[in-house]
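Novice: output the structure for:
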Amino acid sequence: MQQNESLFKIHNTDVPLSYCTGILGMPGLTAYVGFYEVCSPKKGETTVYISAASGAVGQLVGQFAKLMGCYVIIGSAGSKEKVDLLKNKFGFDEAFNYKEEPNFVGGKMLDAVLPNMKFRGRIAVCRMISQYNLENQLNMVYHQ
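Specialist: Take a look at the predicted model:
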């Protein structure tokens, strides 16, 4: 059996191993690249909206936005408990439960965000949450 070169043993244990599945793993890299590289925030740009904000990537984007000095950070989540977590633990300025907002679910949420964007605003799309449970997501991409 040939060793898979994409797998490696973690030798440096100066941080908890759980960090390797969060901030030091795929969610951390996705959040970092999406926020800092794709969105390229500039000083004075203060409004950040994060859908699926209580997920592994969304939580980190919110923290990066706070570190960048963003004031208005708005996150959407799927329960009251997750909204409380965003506001009370992760420091989001505002958050709402999208399941309590019948007019802002899935693609309708994006439709509401777009006309409210500032000139030269940017959107980084990691994955469309409204598409998570589709059986054949690949076909959706090719047939739209």
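
Novice: what separates stretch 19-37 from the chain centre, distance-wise?
Specialist: In terms of C-alpha atoms, centre = their mean, to the nearest Å, the gap separating the centre of stretch 19-37 from the centre of its chain is 10 Å.

Novice: which helix or which strand is home to residue 31?
Specialist: Per DSSP states H and E, residue 31 falls inside helix 26-32.

Novice: check which residues of that helix are buried.
Specialist: Going by neighbour count (16 or more other C-beta atoms under 10 Å), the buried part of helix 26-32 is 27, 28, 30, 31. C-beta: built from backbone N, CA, C; applies to glycine.

Novice: now stretch 45-63
Specialist: 45, 48-63.

Novice: how far out from the middle of the chain is it?
Specialist: Per C-alpha atoms, centre = their mean, the displacement of stretch 45-63 from the mean C-alpha position of its chain is 5 Å.

Novice: which strand runs longest in this protein?
Specialist: strand 72-77 (DSSP state E).

Novice: quick one: residue 108 from residue 62, how far?
Specialist: In this view, residue 108 and residue 62 are 22 Å apart by C-beta to C-beta, to the nearest Å.

Novice: what of residue 41?
Specialist: Residue 41 is 13 Å from residue 62, by C-beta to C-beta.

Novice: and what of residue 111?
Specialist: In terms of C-beta to C-beta, residue 111 sits 23 Å off from residue 62.
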